[in-house]
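coords below, sequence missing:
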């Protein structure tokens, strides 16, 4: 098991962690979830039939783990709203702080990161896989079990929507005007 | 200088240059955590196959019979002779016993003919099997109730899993009738499920339960937030009583849970919401829901809590709750109805958003899959059928 773990870690860990982080937007949760991915992968490793590539298999497990978590959070937050309005306000206000790595970059990156959350879950997955992970359309389609044309359409719509929201975002023009672009 | 506007190329470039976020743990640290969890699941996650206990019990009975049968035959005549005297003694004793039992078991029948009960699963056990799951709403034979049935599946899109089970499962095997969803073409777009019925396929009996059925199928864990109806591909479905409906928001409210016995030997746990009562009419608080759970309900829903039971409830925080049994309840680890009582409380707590339940004063270490001396978390699905 150690040997398999070492190899998978060396080849994929940075990418898997990054994928999960950009999906769930919380470092501690990403750490727990990537651990869960390894547990599932190692439990199923012997039965992996190689119908897809190892890389897309790992991503699709990571994607399921992240989506399960997001659904649970969504359910909890919905119910939480009825539990205690003061606590729920504080939860909604404090969630998803910008990671340190983003704080160190120009504000426009932070705005883009914030706006990505307005995209649908399908659109977010495509944005993360295609741009942040630099995967091909074919790889993205395999991971999501979609057709390539659905990947292209979702990607196109996501970029269009991001543009619409970013154009409405105040403050960015000032930063860009200052030549920090 | 002209203000610079976002364009699609700029957005794509920014996306490509979002900073890498790194795991702060070392490889070794992560491996130790992964290894510990795999070992834990190896030891704890595996349960004996369901046939093993009856088989073991039968084998033990045969051995005992083999050992004692010769003596029993030999002593048969002597036993017959002393029968009258013994009976006199026993009658007195059994009267005392039944009085004790009446005091201890607060009006709930502890023995019953064997039932096929399909309980919920614990999330960790589903994961340990590397499986996924899905719940599909069916109707009882009278079309008065929605009965959610859960299935273990391979990982897939939720709607795909629903479609597969609608084709594969025969509800009459467990005393239920078909789901109206079997008549629909079901697809999804983002957080919306699209249900396309051919014209005139939903009858008046199915109509009042349809909202609960679709919610319990698609929104029981927040999978989908909305259903859009289509009729032969056109927007909106024309219902016999509701008229044309384009969409509903989906919601499964917190609600008390009860027992439903199908005409077969199958027993299910269902929410009061299964009766088609409006979500807004459900008890708003978990404690109020528990208080309802010792009352008989309409449409064949039976209480799983003994009459006049008062459970102690301590809400620790938004996720965790403690439930304390009164001294009058004596749980038995072998009693299916007691396991169903525990499941009903867990499912009710889960429906009110609690992630974990700690039971107190059960006087048992474990029942079914639950360690009662620990918090129970991750109750998933309901009425799993395999």
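Received the coordinates, thanks. Bear in mind that the values here come from a model prediction, so they are computed numbers and not experimental data. Numbers count the residues shown, from 1 in each chain, chains lettered A, B, ... in the order given.

For residue B:124, give its distance to residue A:107.
42 Å (CB to CB, to the nearest Å). Placement of C-beta: from N, CA and C, glycine included.

Please read the previous query as pertaining to residue B:172.
For residue B:172 relative to residue A:107 (CB to CB), the value is 62 Å.

again, but for residue A:12
Look at residue A:12 and residue A:107: by CB to CB, they are 32 Å apart.

who's more crowded, the two?
residue A:12 (19 against 16; other CB atoms under 10 Å in any protein chain shown).

which SS class is that one?
Following DSSP: H, G, I helix; E, B strand; the rest coil, residue A:12 is assigned to helix.

can I assume it is in contact with residue A:57?
No - using CB atoms under 8 Å as the test, residue A:12 is too far from residue A:57 to be in contact (10.4 Å).

what's the overlap in contacts for the two?
Counting by CB atoms under 8 Å, 6 or more residues apart in numbering or on different chains, residue A:12 and residue A:57 have no common neighbour.

give me the beta-bridge partners of residue B:323?
Residue B:323 forms beta bridges with residue B:313, residue B:359, as assigned by DSSP bridges.

correct me, but it touches residue B:358?
Yes - the criterion here is CB under 8 Å, and residue B:323 meets it with residue B:358 at 7.4 Å.

Now for chain A, the helix or strand with the poorest mean pLDDT.
Each helix and strand of chain A was given a mean pLDDT (mean pLDDT, DSSP states H and E); the minimum falls on helix A:85-94 at a mean of 42.

Show residues contacting the following helix or strand past that helix.
On the C-terminal side of helix A:85-94, the closest following helix or strand by DSSP states H and E is helix A:100-103. Residues outside helix A:100-103 that contact it (CB under 8 Å, 6+ apart): A:109, A:110, A:113, B:18, B:19, B:20, B:21.

If we use 10 Å, what do you get?
Helix A:100-103 is contacted from outside by A:21, A:27, A:97, A:109-110, A:112-114, B:18-22, using CB atoms under 10 Å, 6 or more residues apart in numbering or on different chains.

got it, and stretch B:360-374?
The contact list for stretch B:360-374 (CB under 10 Å, 6+ apart) reads B:44, B:47, B:117, B:119-122, B:124-125, B:311-312, B:314, B:322-327, B:329-336, B:338-343, B:346, B:356-359, B:376, B:379.

gap between the two ends of it?
Start-to-end span of stretch B:360-374 (CA to CA, to the nearest Å) is 10 Å.

And for stretch B:310-326?
Using CA to CA, the end-to-end distance of stretch B:310-326 comes to 7 Å.

what about it, distance to the chain center?
How far stretch B:310-326 lies from its chain's middle: 20 Å, per CA atoms, centre = their mean, to the nearest Å.

Need phi/psi at the closest residue to chain A within the stretch 251-386 of chain B.
As assessed by CB to the nearest CB, chain A sits closest to residue B:353 within the stretch 251-386 of chain B, at 3.1 Å. The phi and psi values for residue B:353, taken as degrees, to the nearest 10, are phi 90, psi 10.

about what we covered before: and the contacts of stretch B:360-374, which of them are buried?
B:117, B:119-122, B:124-125, B:311, B:323, B:325, B:329-331, B:335-336, B:338-343, B:346, B:356-359, B:376, B:379 (16 or more other CB atoms under 10 Å in any protein chain shown).

I'd like to know which elements the longest helix anywhere in chain A is packed against.
The residue-count maximum for a helix in chain A (DSSP state H) belongs to helix A:54-83. Packing contacts for helix A:54-83, counted by 3 or more CB pairs under 10 Å, 6 or more residues apart in numbering or on different chains; DSSP states H and E, involve helix A:2-24, helix A:27-44, helix A:85-94, helix A:121-127, helix A:137-144, helix B:123-128.

With residue B:240 as the reference, name the closest of those helices.
Nearest of those to residue B:240, taken as CB to CB: helix A:121-127 at 34.9 Å.

Buried ones in that closest one, by neighbour count?
Buried residues in helix A:121-127 (16+ other CB under 10 Å): A:122, A:123, A:124, A:125, A:126, A:127.

Looking at those, which has the smallest pLDDT value?
Note: of the buried residues of helix A:121-127, the lowest pLDDT belongs to residue A:122, at 90.

That one and residue A:146: what is the separation?
Here residue A:122 is placed at a distance of 9 Å from residue A:146 (CB to CB).

shared neighbours of the two, anything?
By CB under 10 Å, 6+ apart, residue A:122 and residue A:146 have these common neighbours: residue A:154.

how distant is the strand or helix carrying residue B:288 from the center of its chain?
Element membership of residue B:288, judged by DSSP H and E, is helix B:286-292. Centre-to-centre, helix B:286-292 and its host chain are 18 Å apart (CA atoms, centre = their mean).
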